[in-house]
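K.L.:
Quick one, fold the following:
(2 chains)
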Amino acid sequence: MVLTAQQHQEIKDYIFDAAQYRETYNEVYDHIVNALEDKDEAYSIELVAEIVNADFGSFNEIKKQEQLYQQQINKKYTRLFLEELINSFKWPGLLGNVANLMLCLCIYWSSTNSSFNTKPMMIAVFSCFILVTIYMYSQILIRRTRSKKYSILDNSLGILSTFGLFIGIFVFNWFISDDSLISLSQRAKVIVLLTLYFFSSMYVRSFRKYYNQKIKILIA
Amino acid sequence: MAVNNELFKGTLQTIILNLLSENEKMYGYEITQKVKSITQGELMLKEGALYPALHKLEAEGLLETTTEVVENRVRKYYSLSKDGEKEVVNKLQEAKDFISQLQLLLNLKPAI
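P.N.:
Predicted structure coming up:
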């Protein structure tokens, strides 16, 4: 059968709540339209429901499949991001890490001779983490305004873009703040803070590369 | 006589990978129709099993996906990745070995 524009819209409306993410929604919609086009019967919304039930089970089944898919996608993209973090220790990313390490060592040696104010470095580190989170969430929201549904990759991106901030808050509360859970000497606090600074630099560079090279093209 | 679908569940990934090795890229519905036409309707690949298998292979990096707008709708195509091209050879060998063992176990003679 050949479907009219009105029938296409009716199918879209019918399956709108079947899937949370646009990738699943588009795939289910394409499948249903293909199945309908192969049929000789006259179009009816009951026929659409019949196809959904026969081929996918039900809307709940589609949602269950989608959840499973999301878990697999989250796992895949977390692995890719961790690979990118590790790759920052390979050429040419290694250059940035070596430069940062040298800077950390210089700051550490200078802090042994005089008192070290941790606040500017804390502000710099948290600014990096917060900027990544804000940028990523603004991108997710911009894409959401263009499309009726979120992309399945948005979920992974949301988690990964807050990962750095989470680590920063954790380290700050446990080791660096004045009333930290674990009491450390001033020198040890400087080492922890420099480690956090090193990580934040590595995290921001890796996230930028990961997003630009592996995600942007998929999610556009 | 229709084949019991339970029997080919374990080889679903092999079937998908093999179909994609023979065709540059395919979309979900096309795969179900291809299986139906090759087996002359004896094997009905259910979408409830096909899509999770495709998504799993995609997440494992064995399949790559691209989208195209066809007749005003977005169509997702699956194709073999480099790892997928290597894996299809292993999976086919596994399936051949399994079938030959099954023939021995069940005392079946290969169809002439």
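K.L.:
Only C-alpha atoms from now on, for both contacts and neighbour counts.
P.N.:
OK.
K.L.:
which stretches of chain A have low pLDDT?
P.N.:
A:219-220 (pLDDT under 70).
K.L.:
how about the nearest residue to the residue of it found nearest chain B, chain neighbours excluded?
P.N.:
Taking Cα to the nearest Cα, chain B has its nearest neighbour within chain A at A:Phe56, 4.8 Å off. For A:Phe56, ignoring the flanking residues on the chain, the nearest one in space by Cα to Cα, 6 or more residues apart in numbering or on different chains is B:Gly48 at 4.8 Å.
K.L.:
Now for the one you found, how many residues are close by?
P.N.:
Neighbours of B:Gly48 under the rule other Cα atoms under 10 Å in any protein chain shown: 17.
K.L.:
same deal with B:Thr14?
P.N.:
The burial count assigned to B:Thr14 is 21, neighbours taken as other Cα under 10 Å.
K.L.:
Enumerate every residue touching the residue of chain A closest to chain B.
P.N.:
For A:Phe56, the contact set (Cα atoms under 8 Å, 6 or more residues apart in numbering or on different chains) comprises A:62, B:46-48.
K.L.:
Going through those, which ones are buried?
P.N.:
Buried members of those, scored by 16 or more other Cα atoms under 10 Å in any protein chain shown, are A:62, B:47-48.
K.L.:
Just the closest of those to A:Lys189, please.
P.N.:
Nearest to A:Lys189 among those is A:Ile62, at 50.3 Å by Cα to Cα.
K.L.:
Test my guess that that closest one contacts A:Gln20.
P.N.:
No - with contact defined as Cα atoms under 8 Å, A:Ile62 and A:Gln20 do not form a contacting pair (9.6 Å).
K.L.:
can you list the weak-confidence ranges in chain B?
P.N.:
B:1-7, B:109-112.
K.L.:
which one in it is furthest away from the centre?
P.N.:
B:Asn72 (27.5 Å; Cα atoms, centre = their mean).
K.L.:
ok, so what distance separates that residue from chain A?
P.N.:
From B:Asn72 over to chain A the distance is 10 Å, taken as Cα to the nearest Cα, to the nearest Å.
K.L.:
quick one, strands of chain B?
P.N.:
Remark: strands assigned in chain B by DSSP state E are B:26-27, B:63-70, B:73-80.
K.L.:
Could you say which one of those strands comes nearest to A:Tyr25?
P.N.:
Comparing the strands of chain B by their distance to A:Tyr25 (Cα to Cα), the top pick is strand B:73-80, with 9.7 Å.
K.L.:
can you pull the buried residues of that closest one?
P.N.:
By neighbour count on 16+ other Cα under 10 Å, the buried set for strand B:73-80 is B:74-80.
K.L.:
Spit out the contact partners of the residue positioned nearest the centre of chain A.
P.N.:
In chain A, the C-alpha nearest the mean C-alpha coordinate belongs to A:Leu157, at 0.9 Å (Cα atoms, centre = their mean). For A:Leu157, the contact set (Cα under 8 Å, 6+ apart) comprises A:Met136.
K.L.:
what separates it from A:Gln71, distance-wise?
P.N.:
Counting by Cα to Cα, to the nearest Å, the separation of A:Leu157 from A:Gln71 is 13 Å.
K.L.:
Equivalent analysis for A:Thr133, please.
P.N.:
Shown here: A:Thr133 relative to A:Gln71, a distance of 21 Å by Cα to Cα.
K.L.:
now A:Asp30
P.N.:
23 Å.
K.L.:
And for A:Leu68, the neighbour number?
P.N.:
Neighbour count of A:Leu68, defined by other Cα under 10 Å: 15.
K.L.:
can I assume it sits in a helix?
P.N.:
Yes - under DSSP: H, G, I helix; E, B strand; the rest coil, A:Leu68 sits within a helix.
K.L.:
just the helices in chain B please.
P.N.:
For chain B, the helices defined by DSSP state H occupy B:12-22, B:28-38, B:47-59, B:82-105.
K.L.:
can you redo those as CSV with distance to A:Leu105?
P.N.:
Shown next, in CSV, are the helices of chain B (distance: least, Cα to Cα, whole Å):
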stretch, distance to A:Leu105
helix B:12-22, 52
helix B:28-38, 55
helix B:47-59, 41
helix B:82-105, 42
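K.L.:
Report whether the expected contact of A:Lys189 with A:Asp178 is present.
P.N.:
No - counting by Cα under 8 Å, A:Asp178 is not a contact partner of A:Lys189; they are 10.2 Å apart.
K.L.:
between those two, who's got more neighbours?
P.N.:
A:Lys189 (17 against 11).
K.L.:
what about that one, is that helix, strand or coil?
P.N.:
Three-state call for A:Lys189 (three-state DSSP): helix.
K.L.:
Who are the contact partners of it?
P.N.:
Applying Cα under 8 Å, 6+ apart, one finds that A:Lys189 lies in contact with A:175-176.
K.L.:
which residue does chain B bring closest to chain A?
P.N.:
In chain B, the residue that lies nearest chain A is B:Gly48 (4.8 Å; Cα to the nearest Cα).
K.L.:
I'd say that residue and A:Ala54 touch.
P.N.:
No - using Cα under 8 Å, B:Gly48 is not in contact with A:Ala54; the gap is 9.2 Å.
K.L.:
Can you show me the CA trace of the helix or strand hosting A:Leu165 as PDB?
P.N.:
Per DSSP states H and E, A:Leu165 falls inside helix A:152-171. The C-alpha trace of helix A:152-171 is given here as PDB (Å, rounded to 0.1, in the frame of the first residue of the first chain):
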ATOM      1  CA  ILE A 152      20.300   7.700  23.200                       C
ATOM      2  CA  LEU A 153      23.900   9.100  23.200                       C
ATOM      3  CA  ASP A 154      22.700  12.200  25.300                       C
ATOM      4  CA  ASN A 155      22.400   9.900  28.300                       C
ATOM      5  CA  SER A 156      26.000   8.700  28.100                       C
ATOM      6  CA  LEU A 157      27.200  12.200  27.400                       C
ATOM      7  CA  GLY A 158      25.400  13.600  30.400                       C
ATOM      8  CA  ILE A 159      27.000  11.000  32.700                       C
ATOM      9  CA  LEU A 160      30.500  11.400  31.300                       C
ATOM     10  CA  SER A 161      30.400  15.200  31.400                       C
ATOM     11  CA  THR A 162      29.500  15.200  35.100                       C
ATOM     12  CA  PHE A 163      32.100  12.500  35.900                       C
ATOM     13  CA  GLY A 164      34.900  15.000  36.300                       C
ATOM     14  CA  LEU A 165      32.800  17.300  38.500                       C
ATOM     15  CA  PHE A 166      31.900  14.300  40.600                       C
ATOM     16  CA  ILE A 167      35.500  13.300  41.000                       C
ATOM     17  CA  GLY A 168      36.400  16.900  41.900                       C
ATOM     18  CA  ILE A 169      33.700  17.200  44.500                       C
ATOM     19  CA  PHE A 170      34.600  13.900  46.000                       C
ATOM     20  CA  VAL A 171      38.300  14.700  46.300                       C
END
